[in-house]
Every structure is written in C-alpha cells, then in structure tokens.
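Student: Output the structure for:
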Amino acid sequence: MMDLNSRQTDGDGAVKGPSSGRAVASDFDNTLYFMGDEEPMRAADIFGIVYFQQRGGLFGLCTGRSLVGVRDVIGPWIRPDFYILATGALVLDGEEKVLFRKCLPLDLVKSIYHRVPAPMRSVIQANDTVYTLQEENYLQTHIDCLDDLKDAYVYGLSIAAQDVQSAADLAAELNRLYGEEVTAFHNVTHVDVAPRGCSKGTGIEIVRKAFSIREMYGIGDHYNDLPLLESVDHPYTLSHAPAEVQEAAEGIVRGVSELLDKI
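Tutor: Numbers count the residues shown, from 1 in each chain. So this is what the prediction gives:
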C-alpha cells in the first residue's frame, strides 16, 4: 500500500502524466458504485470507462471517500487517471502521486468529533484510509484514540446521520460553528467535512491544470456534487438526484456509460 506520508506537495499542480483534450470526473457512491445492489458496479459502466480511456480520454473519481475506500472497491476493473478524494482535500494522479493536499489540525478534528451527537457516527479521513474508534472493518482501520493520528495527514471527517434531515441540520450547524476553518457538505445521510477552500470543484481545477484538460465532463447525484457540476464544462446527473442538482446539470443520464457514449 502506498504511503502518502512520504510525499509533500506545494499545491501548484505540476503536470503528472499525459495531456488530454477531454476528461470525465465521476462521483462514486450512487453514481458509479451502488452499495447493496446485486450489481454494485454496472458492467456497462466498467466497459464504457475502459473504452473511453482507450480512445484517449481521461477518467477519474471525485468523491468524499479515501483512497482505500475506492481502490479496494474498484479492484482491477477500473484504472482511474486521477483521484479527487476526501472532498477535494487530496488529489492524486493515476500513479497515486500527490498533486494537492490540505490537512486539518488535530485539535480542530477533536473538537468537531466530540460535538457530533449520538447516535451519529464519525470516521476520520487521514493518510490513505479511514480511521474509526469503533470496530474495524475492511475499509476502516481502528484506532484507540484520536491522538493516534497526531503524525498523520488528516483531511477531514465523514459523519453518518440517522436520516437526510439530520444530516442537513448537522452540516448547517458545523458550518455555523466552524465555517472559518472547514466546510461541511451534506451528502444524503452523511456529512463530509473538508478543510475550508476544498471541495470537489477545487479538485476539478487542480486536475484541469495538471493534465492540460480543455473539455471537462462531470457527473454526480447529490448536493455535495454541486461544486463538481459547477466546475466542469458539461455537468450531468442521474434521475434520482434532487431537483436542485438536476437544475445544475446540462443533462440527465441513466448512468456513467450513457454519459461516456455522448462524448
């Protein structure tokens, strides 16, 4: 597993890899990956991505997840050309080298973590994985206390709420209390907390510069994808997206493969 701690970045986004005229940035959960479905990743999407890349296009993921959280799910089937992770706080090229990172001080993370009310559960995005004080699972690494992360690159938190309204209310509360240092993004029943100035949209701009992209397509399905959709030349969404997200899109498609067929 790559050690992200071994590489620093100045955030200027030097070119990493081949230039391309066109690129697609896709949200992950409920756009490309459907947890719990019989077919969580559609075969049509996988083949469409591979064919698009064979034709010279660049394809990348734009998500609130960590590197481990996407790498261990996509397996060998998809080889992204770039990764926008932790809601834009970490951007990697296809070789998993750092193009940009912005971290949060641990004291701030502790303050936010302890303010989240039960029964909501929080995990910490740090290094290349997700850390939890709860029971470990295959995508999350257990730590005994937050001080175990004192030497880590901490990118943000992901908080699971009971329902959509609870998540929206918590995002608003965190932005009110900590808005000078972080931005809390409402993502269905989750809240993704990133360093202020980071979003899926800022990640898009870093990727544009790094790969000299002239025409950028994007697809996402929820409120936290609005910065993504607002930053690309051609924004697309899915039919299950909220009205506000659909209004921000150039078109509505049935899936990633349908978008790729249009390019």
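
Student: Distance of Leu260 relative to Gly57?
Tutor: From Leu260 across to Gly57, the span is 8 Å (C-beta to C-beta, to the nearest Å). Every residue, glycine included, has its C-beta placed from N, CA and C.

Student: all strands of the stretch 101-250 of the chain, in order?
Tutor: Taking DSSP state E, counting those that start in this stretch, the strands of the stretch 101-250 of the chain run over residues 121-126, 129-132, 140-142, 154-160, 182-187, 190-195, 215-219, 234-238.

Student: In contact with Arg196, which residues?
Tutor: The neighbours of Arg196, taking C-beta atoms under 8 Å, 6 or more residues apart in numbering as the test, are 179-183.

Student: Make a ChimeraX selection of the buried ones in those residues.
Tutor: In ChimeraX, this line selects whichever of the contacts of Arg196 come out buried by 16 or more other C-beta atoms under 10 Å:
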select :182,183
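
Student: With distance to Ser231 and pLDDT added, can I get the contacts of Arg196 in a markdown table?
Tutor: Converted to a markdown table, these look like this (distance: C-beta to C-beta, whole Å; pLDDT from 0 to 100):
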| residue | distance to Ser231 | pLDDT |
| --- | --- | --- |
| Gly179 | 21 | 97 |
| Glu180 | 23 | 97 |
| Glu181 | 22 | 98 |
| Val182 | 20 | 98 |
| Thr183 | 15 | 97 |
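
Student: Please enumerate the helices of this protein.
Tutor: Assignment of helices within the chain using DSSP state H yields the ranges 43-54, 67-74, 106-115, 164-178, 200-211, 226-231, 243-247, 256-262.
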